[in-house]
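**Student:** Output the structure for:
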Amino acid sequence: MGKDYYRVLGIQSGSNEEEIKKAYKKMALKFHPDKNKDPSAEDKFKEIAEAYDVLSDPKKRTIYDQYGEEGLKAGGGSSSGGQGNSYHYTFHGDPHATFASFFGGSSPFDIFFGATRTRGTTNGFDHGDQDMDIDMDGEDDPFNAFGRFGFNGINGFHHGAGRRHPTESVHSRRKVQDPTVIHELRVSLEEIYHGCTKRMKITRRRLNPDGRTMRTEDKILNIVIKRGWKEGTKITFPKEGDETPDKIPADIAFIIKDKSHPHFKRDGSNVVYTAKISLKEALCGCTVNIPTLDNRVIPLPCTEIVKPGTVKRLRGEGLPFPKSPTQRGDLIVEFQIRFPERIAPQTREILKQHLPLC
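**Tutor:** Residues are numbered from 1 along each chain as shown. Sure, this is the predicted structure:
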């Protein structure tokens, strides 16, 4: 059934934005590995960050509320008869980056005391052996204790009580996200017909847990192309771009573009095929073998005269409808009539005698 992000943060499903922030603040400080030495704290800390990353984003939360964790991460919704969302969520995997983005620093103790920790201590306070069970709803809230210094408890320092402007400190300024990085993804009509998964390797910079130094890493993105998707469909991978101490990683998006095809061209959910026939076949009749996207051949009898501009339609032989993949568009057959380069004089006389003037 997937993770219950509301349960992870200890809140109800109808909680508002401030309640979600408050719950994350409480849980993140309680399970931060710098303070909580339980072996499972790191995993819990990451789970809390993922829950906040989803529930604090209206788009992600809406999809999660409707389809759950599995639908959010797999692009759910097609089973209900609609197109389904083309949004494929993947948690960026660094809970320390989420923490730094929320509080303005990578360590809660650096935020409170503004000092560099040495041998497990901060400004003389040894946090290594303490079991600080912080109650963010009561008077034990450490943010309340620092309220007189102008700390707002969410995104750094406000402009009162002689504090510095947020831009003066890496720990106090709010991160901004880089613009979305967009790539074209060329897909064949056969891949649109059947559906497929593309694997794209990206190389990006990521922050280390200290929130300052960076590393380079490779990652494989699995891009699920659903049957019938239209050209221009966008698949987004949130926060998979380069990460720096000052910036939230950019989203990476792929825009579907049709590859050129040797036989067909696309017209929405229809495909168009041009059949080349001779003048004799156009006038006297013929049977044209029409290929399909699933490698079948359909014989198409033409018993009537094929005039320039004649179009025939093979129902249900096109691409799947994106909102209803069990139904398909049509295969439209257009005709290109080949005229002879020359004809013999005697043939010309015969044609003059037998062909009508209109």
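**Student:** care to break the chain down by domain?
**Tutor:** Domain ranges of the chain: 1-174, 176-260, 264-354, per automatic domain parsing.
**Student:** Give the rounded mean pLDDT of the shortest one.
**Tutor:** In this case it means domain 176-260. What domain 176-260 shows for mean pLDDT is 91.
**Student:** How about stretch 328-338?
**Tutor:** 95.
**Student:** which residues in the stretch 251-358 of the chain form strands?
**Tutor:** For the stretch 251-358 of the chain, the strands defined by DSSP state E, counting those that start in this stretch cover 252-258, 264-267, 270-278, 286-291, 297-302, 311-314, 320-321, 324-328, 331-338.
**Student:** Make a markdown table out of the ones you listed and add mean neighbour count and distance to R215.
**Tutor:** C-betas here are computed from N, CA, C, even on glycine. Conversion of these to a markdown table gives the following (neighbours: other C-beta atoms under 10 Å; distance: least, C-beta to C-beta, whole Å):
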| stretch | mean neighbour count | distance to R215 |
| --- | --- | --- |
| strand 252-258 | 18 | 18 |
| strand 264-267 | 17 | 42 |
| strand 270-278 | 17 | 46 |
| strand 286-291 | 14 | 50 |
| strand 297-302 | 12 | 54 |
| strand 311-314 | 14 | 55 |
| strand 320-321 | 18 | 42 |
| strand 324-328 | 14 | 41 |
| strand 331-338 | 17 | 51 |
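**Student:** Serialize the ones you listed to TSV and add fields for distance to K26.
**Tutor:** Below are the strands of the stretch 251-358 of the chain laid out as TSV (distance: least, C-beta to C-beta, whole Å):
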stretch	distance to K26
strand 252-258	32
strand 264-267	53
strand 270-278	56
strand 286-291	63
strand 297-302	65
strand 311-314	63
strand 320-321	47
strand 324-328	44
strand 331-338	60
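**Student:** ok, for V271, nearest residue in space, not its chain neighbours?
**Tutor:** F264 (4.5 Å; C-beta to C-beta, 6 or more residues apart in numbering).
**Student:** Tell me which other helices or strands whatever helix or strand I202 lives in touches.
**Tutor:** I202 belongs to strand 196-207 when assigned by DSSP states H and E. Counting contacts by 3 or more C-beta pairs under 8 Å, 6 or more residues apart in numbering; DSSP states H and E, strand 196-207 is packed against helix 95-103, strand 181-187, strand 214-225.
**Student:** of the ones you listed, which approaches I332 most closely?
**Tutor:** strand 181-187 (20.7 Å; C-beta to C-beta).
**Student:** List the beta-bridge partners for the closest residue to K312 other than its chain neighbours.
**Tutor:** Leaving aside its chain neighbours, K312 sits nearest to V333 (4.5 Å; criterion: C-beta to C-beta, 6+ apart). In this entry, V333 is beta-bridged to Y273, K312, by DSSP bridges.
**Student:** quick one: V333 and E349, what's the gap?
**Tutor:** From V333 across to E349, the span is 34 Å (C-beta to C-beta, to the nearest Å).
**Student:** got it, and G309?
**Tutor:** G309 is 29 Å from E349, by C-beta to C-beta.
**Student:** which residues does F335 contact?
**Tutor:** Counting by C-beta atoms under 8 Å, 6 or more residues apart in numbering, F335 makes contact with T274, A275, K276, I277, A282, V306, P308, T310, V311.
**Student:** my guess is the last one meets D330, correct?
**Tutor:** No: V311 is beyond contact range of D330, at 10.4 Å (criterion: C-beta atoms under 8 Å).
**Student:** Now do the SS call for E50.
**Tutor:** helix (DSSP: H, G, I helix; E, B strand; the rest coil).
**Student:** ok, it to D4 distance?
**Tutor:** When E50 is compared with D4 (using C-beta to C-beta), they lie 12 Å apart.
**Student:** Which one's more surrounded, the two?
**Tutor:** E50 (19 against 12; other C-beta atoms under 10 Å).
**Student:** so that one sits right up against Y5, yeah?
**Tutor:** Yes: counting by C-beta under 8 Å, Y5 is a contact partner of E50 at 7.4 Å.
**Student:** rewinding a little: so for the strand holding I202, what gets flagged as buried?
**Tutor:** Under the neighbour-count criterion of 16 or more other C-beta atoms under 10 Å, strand 196-207 has K198, R204, R206, L207 buried.
**Student:** quick one: contacts of that strand?
**Tutor:** Taking C-beta under 8 Å, 6+ apart as the rule, strand 196-207 contacts 94, 96-97, 100, 185, 187, 213-225, 240-245, 249, 252, 254.
**Student:** Quick one, which of the residues you listed are buried?
**Tutor:** 94, 96-97, 100, 185, 187, 221, 223, 225, 240-243, 245, 249, 252, 254.
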